[in-house]
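In: compute the structure for the input listed below.
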Amino acid sequence: ELRAGKTLDGALQRGFQSSFWAIFDGNITTAIVAVMLMGVFGPSNILSLIFGESTTGSIFSFGFTLLVGIIANFIMGVFATRMMTLSLAGFKCLHRKWLFGGSKEDGQAGSKTEKVWDFFSNRKTFYIISAAVLVVGIVASAVIGPKLDIQFAGGAMIRYTVDGTGVTSDAVAQTIQDKLGKTASVSLNTDMGTGGQQATISFSGNQGMTPDEQKEVADTLSDAFHDATFTLLESNSVDATMGAKFFQKCLVCFALTAVLLLAYIALRFKKIGGLSAGLTAIVALLHDVLISFCVFVVFGMPINDIFIAVVLTILGYSLNSTIVIYDRVRENKRKFGSKTALNTIMNQSLSQTLGRTLLTSLTTFLALVAVLAVAGIYSISSVISFSLPMMVGVVAGCFSSQFIAPTLFAAWQNHVQAKEKSNS
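Out: Next up, the predicted model:
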């Protein structure tokens, strides 16, 4: 707005007005994800008639926290930010265009032209990069094989307190394999309250554990690690059929969420081809989900409720960026008129939102780096399993929302328009 020659006050008012619906749509799509998590994995959920009564507390809690965060973020992002920004601009010493992204010299406010990148012409390069990453990830995943946790495969999970030193997750898993002949997934965590170490041992499939077998595991580990003592803290078991139902429930949740998101995007962006906008956004989301899945497999992380949380977080995050770009396309199409080619409008819109997409992704990525560093220092494997795939997912989401979904959408619309011309 400042580059267009508006005054600072006018630019601020216009900027907040034009950004409202982009923020609204982005938050609504993420709220749909949160509500689906609560509805599907909460008590008396909407799939109870199919899968029976069941509650997955961690996923339900994640959905509730996400929804509360969305509401707080919307209030702060729309109303509080506007009030604070306008208040700061009211001070004479801060009433400067360059402090808000404009030129230092008022006379040059409207003279600078925006750099417009030709994203659409380079779309095939973006598709090749994306396809190459996916192929490498899928091949690596096929070779290594996914490690299903007990939530999906069924089995037993036993948690022990560990008093002593010299215990590693790989050593514990190898000891159980050698001494007891059982394959186990082991994670070591530090209790932030007591500072003590805990070992979580998961046996997937139909490997149920009786109380005597649980004690045998503890005794075997205590004998193998002379400087450590293992004491049973808690145990849980999941029947294999229940694990299969949980997996089916997750698939249904993803499908329902995708349908709702598609319907909302198609409705909100119907003036620019809402259905194609929604479908291309879903394609980009599948791209991000596949890459996240490959990260879990390649790094040997178990596919569990953390995976569900990572996937749905990336889904909402990536879609938010895509919505912002579609909103800018809608605004520019209204501004330039229907006679302007969609390729031109798309390149203009992507160039305008590039800085926002990169900065948002960078700040999120750096925050996740800090979380991963702290989790690594304190050996909090559950947080590592969340933050590491999220870091890769943020990069993948940034790429797909900026280079995949919008260019696919423009190519689709060009194909539709060319077909209509040939038929007329």
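In: burial count for Tyr135?
Out: Actually, residue 135 is Val rather than Tyr. 10 (other C-beta atoms under 10 Å). For the C-beta atoms, the positions are set from N, CA and C on the backbone; glycine is no exception.
In: Ser387 contacts Val371, correct?
Out: Yes. Under the criterion of C-beta atoms under 8 Å, Ser387 makes contact with Val371 at 4.6 Å.
In: look at the two and report which has more neighbours.
Out: Here Ser387 and Val371 are compared on neighbour count by other C-beta under 10 Å; more neighbours surround Ser387, at 21 against 18.
In: helix or strand for the more buried one, which one?
Out: Assigned by DSSP states H and E, Ser387 belongs to helix 381-399.
In: beyond that helix, next helix or strand please.
Out: Helices and strands here follow DSSP H and E; after helix 381-399, the next one along the chain is helix 405-423.
In: Ile158: what secondary structure?
Out: Under DSSP: H, G, I helix; E, B strand; the rest coil, Ile158 falls in the strand class.
In: thought it was touching Ser235?
Out: Yes. The criterion here is C-beta under 8 Å, and Ile158 meets it with Ser235 at 4.5 Å.
In: so Trp117: helix, strand or coil?
Out: coil.
In: contacts only, for Thr407.
Out: Contacts for Thr407 were tallied using C-beta atoms under 8 Å, 6 or more residues apart in numbering; they are 119-120, 123, 126, 346.
In: measure it to Ser349 for me?
Out: Per C-beta to C-beta, to the nearest Å, Thr407 is found 11 Å from Ser349.
In: can you pull the buried residues of the host helix or strand of Ala373?
Out: According to DSSP H and E, Ala373 maps onto helix 342-377. Residues of helix 342-377 classed as buried: 342-343, 345-354, 357, 360-361, 364, 368, 371-372, 375 (neighbour count, 16 or more other C-beta atoms under 10 Å).
In: what mean pLDDT does it have?
Out: Helix 342-377 shows a mean pLDDT of 92 in the predicted model.
In: that helix packs against which elements?
Out: Judged by 3 or more C-beta pairs under 8 Å, 6 or more residues apart in numbering; DSSP states H and E, the packing partners of helix 342-377 are helix 305-336, helix 381-399, helix 405-423.
In: what's the neighbour count on Leu251?
Out: By other C-beta under 10 Å, the residues close to Leu251 number 9.
In: quick one: which of the contacts of Thr407 is nearest Val416?
Out: Using C-beta to C-beta, Met346 comes nearest to Val416 of these, at 14.4 Å.
In: what secondary structure does the closest residue to Ile404 other than its chain neighbours sit in?
Out: Among residues not flanking Ile404 along the chain, Ala284 sits closest, at 4.9 Å (C-beta to C-beta, 6 or more residues apart in numbering). Counting by three-state DSSP, the backbone at Ala284 sits in helix.
In: any idea how far the closest residue to Ser169 other than its chain neighbours lies from Val394?
Out: Closest residue in space to Ser169, ignoring its immediate chain neighbours: Val186 at 4.2 Å, by C-beta to C-beta, 6+ apart. Relative to Val394, Val186 is positioned 28 Å away (C-beta to C-beta).
In: higher neighbour count, those two?
Out: Counted by other C-beta under 10 Å, Val186 and Val394 do not tie: Val394 has more neighbours, with 23 against 20.
In: that older thread, could I get the buried residue list for the helix holding Ser387?
Out: Within helix 381-399, judged by 16+ other C-beta under 10 Å, the buried ones are 381, 383-399.
In: quick revisit: same list, the helices and strands packed on helix 342-377, but as TSV with mean pLDDT please.
Out: Shown next, in TSV, are these (pLDDT from 0 to 100):
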stretch	mean pLDDT
helix 305-336	86
helix 381-399	90
helix 405-423	89
